[in-house]
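Chemist: no FASTA, just this:
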């Protein structure tokens, strides 16, 4: 993989843009083994985004959600709800629930031609409720500046 083309400043700008759901109604099912995505556009209709999510089949509440910018096909931000998982950064390991931020410095330091995310412990300030996957998903939408306007509803969930 080539070095990502966006700067960290550009990624922060993209994350801060107000994003709207591209379809009128989306139902998000967070039951075991669910995997899906839905598309977003920014309020100015200049950028397209996709939110991908995956819920493990296991008994543990384990889920990942990430947002990518589609023009450059770059992942911007990700969270992992995984109490026993880990991620190896260039300077150490982050265990448990974590957020993954776009980082060109991590790309350079890790020098493995594929890692441009840096893991950090999941901040309770932005993700206060991690016992419910619906609460986690709603916090993710708020953190990435997605306006729901009643267009996103939650269907089945186990956790």
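Modeler: Good, I have the coordinates. Predicted model, so just to flag it, every value in this text is computed and none were measured.
Chemist: chain center to the longest helix seen in the chain: distance?
Modeler: Assignment by DSSP state H gives helix 133-143 as the longest helix of the chain. Taking C-alpha atoms, centre = their mean, to the nearest Å, the mean C-alpha location of helix 133-143 is offset from the chain mean by 10 Å.
Chemist: And it, what does it pack against?
Modeler: strand 26-30, strand 48-55, strand 63-69, strand 74-81, strand 152-157 (3 or more C-beta pairs under 8 Å, 6 or more residues apart in numbering; DSSP states H and E). Backbone N, C-alpha and C define where each C-beta goes, glycine included.
Chemist: In CSV, list those along with distance to residue 105.
Modeler: Output for these, formatted as CSV (distance: least, C-beta to C-beta, whole Å):
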stretch, distance to residue 105
strand 26-30, 33
strand 48-55, 23
strand 63-69, 19
strand 74-81, 16
strand 152-157, 34
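Chemist: closest one to residue 120 among those strands?
Modeler: Using C-beta to C-beta as the measure, strand 74-81 is the one of these that comes nearest residue 120, at 10.2 Å.
Chemist: Report the mean per-residue pLDDT for that closest one.
Modeler: In this model, strand 74-81 has a mean pLDDT of 93.
Chemist: ok and it relative to helix 133-143, angle-wise?
Modeler: Angle, strand 74-81 to helix 133-143, by axes from the mean of the first three to the mean of the last three C-alpha atoms, to 10 degrees: 150 degrees.
Chemist: neighbouring strands for strand 74-81, and are they parallel or not?
Modeler: strand 63-69 (antiparallel), strand 98-102 (antiparallel) (DSSP bridges).
Chemist: In this protein, what helix or strand scores lowest on average pLDDT?
Modeler: Ranked by mean pLDDT, DSSP states H and E, the weakest helix or strand in the chain is strand 152-157, scoring a mean of 78.
Chemist: Need the strands paired with strand 74-81 in JSON lines (columns: distance to residue 52, mean pLDDT and mean neighbour count).
Modeler: As requested, those are exported to JSON lines (distance: least, C-beta to C-beta, whole Å; pLDDT from 0 to 100; neighbours: other C-beta atoms under 10 Å):
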{"stretch": "strand 63-69", "distance to residue 52": "6", "mean pLDDT": "94", "mean neighbour count": "21"}
{"stretch": "strand 98-102", "distance to residue 52": "13", "mean pLDDT": "94", "mean neighbour count": "22"}
